[in-house]
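> no FASTA, just this:
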C-alpha cells in the first residue's frame, strides 16, 4: 500500500478538495506510475455531479494520465522504471469474454473496470483516478508513450484521442472520403486532426461560425455551419462518415440527412436521450446507419499513441494548477477551453 | 388512354368510394396489366389519412399488385400477353443516379415515383394504385410471377415481402445466426418466413404472448415476449440481427440491448419519431447499429419472387370483396388480420 494525494468530490454538489487515500501494493503484473499530467474530460464533471447515476464518493476523477514508471512487478515485461506511460479510462476487465479476447476490453461482457468511479474486480474497493500523484495499474491497461511526444499535450490522447481514433479506424476512414466532425471541443479537435492525418477530406460541422478559422488551423478542409439551412442543403447526402462529438442531447435528424446512402454517423459524446427524437425515416430513406463507439481497446490505444508519435499529433491544451481545478471545470462547462485542460500534477506537491 | 375503375379516397377523412379515371396509353416500354389481386398495406391507410403529409386526392391506394399482362409495348422484351406479373411500391425512377445504377431505385436521388400518391415524372399527373381493375407500368418496374405461386397470396410479397426480404439479404442473414423479428403483422409474418428459409435461428419478438403459437407455425424457433423483463434479460446481448417491423412510434432502447456487440437493428415499419427517444448509450455501448431499409430494388424484388416460387413462400391472407375495403381498413387499424387483406379484384366488376 502507498499513500496517495489527490483531489476528490465528496458529494455531487461539492467542489473538489484535497484528499488522501491508499493505492494498492504493486502486484506481479502491476506498474506504479508517478503522474505528471492529468487531462480534464467532460465526463469527469458528469460523473462528479452524478449526471449518469450510481456515482461513488469520495471520487477522484481523471482518466487521461501521463506519467513515469517508478516501480514494476516481477512479471512485468512491457515497462521498466523510468519509462513514460499512459493510462486511460480502464484499468481492468474480465480478460476472457469475447470482447476481451478481441482486444475490445471497453466492451467487456462483465463490464470494464473504469479508472475512477469504478470498483476493483477482486476487492470491490473504489477506483481513484488521475487527479492524484500516483497510480498502480495492471500492465495490460498501461500504454507506452514515446519519448518524442510532448507529454503534457499527450495526456488527452488517453480519452479524447482514443474516443475519436477508434471509430475513424473501425469505419475505415481514409483517402477519397468526405468525413464530417460534428462539434469542436476536446473530442472534435482530435477528430479533425486524426481524420486529416488518415487522409480524408475533413469538414468541421459546428453551430458556431467563429470556430471556423480554428477548425482550419487544426486541419479541416471545409467548415459547415449547421445552423445555416442553405449550407446544410448544399452538403446533403454527401458524407461518407460523420463523427458526432456533441456531448449533450440534440436533434440528430439534420445530420443524418448529410450522409450518403448506406453511410454511418457515429456518436461518441452523448450517452443520454436524443431529443428531439430520431425519426425512422432518417435511417430508412437511404439505408443510413446510426451507431456509437466507446473509447477503444488497449491494443488500439497503443496503436494510436504510436501513430501520434510518428505524425507529431497531440492535443491543444491549456495547463492548470491542481488548485484551480474547480475553476477549470466551470470554464469547461461553458465550453471555454481550447481544447483541453491538463493539470500539471507537480503542483499537487506545492 | 383507357378508362379504369377503382376505389378512391377524396379527402383524408372520407371512406373509399368507387372512382373512374384514365390510365395512360401503353408506350413502347409499357406493360398493361389486368389486376387480379391487390394487397392492403398499412401504409395505404397512413397515406389516405394524410398521416405523413402531402397526400394527393383523389387517391387510389394499393401497391401490392398481382395481375395478368393484357398488352405490351413495341420495345417490351420481358413480358408477353398472358404472363403473370407483379407491381410493387414504385413505377418509375430517374434511372441515372448512383442508386438507380446500383439497382436501388427505391433510394433514387431524385425520388422514386410511387405507385400511388405520386406524380408521373414527365406529365406530373397523379399516380393511381392497385385498388383498380388495371394499370400501365414501365417494364423495369414490373416483376415476373411464377405460374406455380398462389397468386392471391403472392400479392403482399410486393410490399410486405420485399420490405423484409431486402434487409435480411443486405445484412446477410443466414445459418448460424440468431435473428429476431419484432412485431407480428403483415411485415413481421413475412420476416419470420424469410429468416427461417434463409437458415437463421428465428426468434419472434412480440408484446402479445397469444401470438406465440402462430409465430411458431410460421417458422419461429422461439418466442420472446418483450413485456417480460426476465425473458428480455435472458436474451440480452444475444442477437446477430433484429428486423423491427413495428409501424408506430415506440421505445427502441430495450431492443437495442438484445443485440450482440456490433450487431444491427433495422427499422422497416416506423417513419416517424422514435419516442421515448433512443439514448446515445444504446449505440455507444457495444458499438451497436440502428439502421433502416425501404422496400427493395426491382432486381432484388425479382430475386425474392423467384425465391418464393422455389421455396413455396407466400403470405397468409384473408380475401375480401372491394366493397368491404373500408371495413377491412378498420380491422387492419386494430391489427385484426392474419396477416394481410387481399382484395379479389374480380369483385370490382360485380
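Nice, I can see it. All values reported here derive from a predicted model rather than from experimental measurement. Numbering: from 1, shown residues only, chains lettered A, B, ... in the order given.

> buried ones in stretch A:338-346?
Within stretch A:338-346, the residues scored as buried using 16 or more other CB atoms under 10 Å in any protein chain shown are A:339-343, A:345. Bear in mind the C-beta positions are built from the backbone N, C-alpha and C, glycine included.

> okay, how far is it across that stretch, tip to tip?
Stretch A:338-346 has an end-to-end distance of 22 Å (CA to CA, to the nearest Å).

> can you map out the helices along the stretch 51-200 of chain A?
Assigned by DSSP state H, counting those that start in this stretch, the stretch 51-200 of chain A shows helices spanning A:98-101, A:151-154, A:160-170, A:186-197.

> following the last one, which helix or strand comes up?
Using DSSP states H and E, the helix or strand that follows helix A:186-197 towards the C-terminus is strand A:201-206.

> report all helices and strands that that next one contacts.
strand A:178-182, helix A:186-197, helix A:212-218, strand A:222-225 (3 or more CB pairs under 8 Å, 6 or more residues apart in numbering or on different chains; DSSP states H and E).

> and for the residue in the stretch 101-250 of chain A that chain B sits nearest to, the neighbour number?
Per CB to the nearest CB, residue A:107 is where the stretch 101-250 of chain A lies closest to chain B, at 5.2 Å. Neighbourhood size, residue A:107 [other CB atoms under 10 Å in any protein chain shown]: 25.

> leaving out chain neighbours, which residue sits closest to it?
Spatial nearest neighbour of residue A:107, excluding adjacent residues (CB to CB, 6 or more residues apart in numbering or on different chains): residue A:99 at 4.1 Å.

> separation between the closest residue to residue A:94 other than its chain neighbours and residue B:111?
Computed as CB to CB, 6+ apart, the closest residue to residue A:94 that is not its neighbour in sequence is residue A:110, at 4.2 Å. Applying CB to CB, to the nearest Å, the value for residue A:110 to residue B:111 is 48 Å.

> can you check residue A:84 too?
In terms of CB to CB, residue A:84 sits 57 Å off from residue B:111.

> repeat that for residue A:303.
Distance, residue A:303 to residue B:111, using CB to CB: 43 Å.

> quick check: pLDDT value at residue A:350.
Confidence at residue A:350, expressed as pLDDT, is 74.

> so residue A:314 is in which element?
Counting by DSSP H and E, residue A:314 is part of no helix or strand.

> and it, what is it in contact with?
A:149-150, A:153-154, A:157, A:308 (CB atoms under 8 Å, 6 or more residues apart in numbering or on different chains).

> what's the closest of the helices of the stretch 51-200 of chain A to residue B:137?
helix A:160-170 (43.1 Å; CB to CB).

> what is that closest one packed up against?
helix A:186-197, strand A:239-244, helix A:298-311.

> which one of those is the most hemmed in?
Ranked by mean neighbour count under mean count of other CB atoms under 10 Å in any protein chain shown, the helices and strands packed on helix A:160-170 are led by helix A:186-197, which reaches a mean of 28.

> please see if that helix touches chain B.
No: Helix A:186-197 is not in contact with chain B by CB under 8 Å from any CB of the partner chain; minimum separation 12.5 Å.
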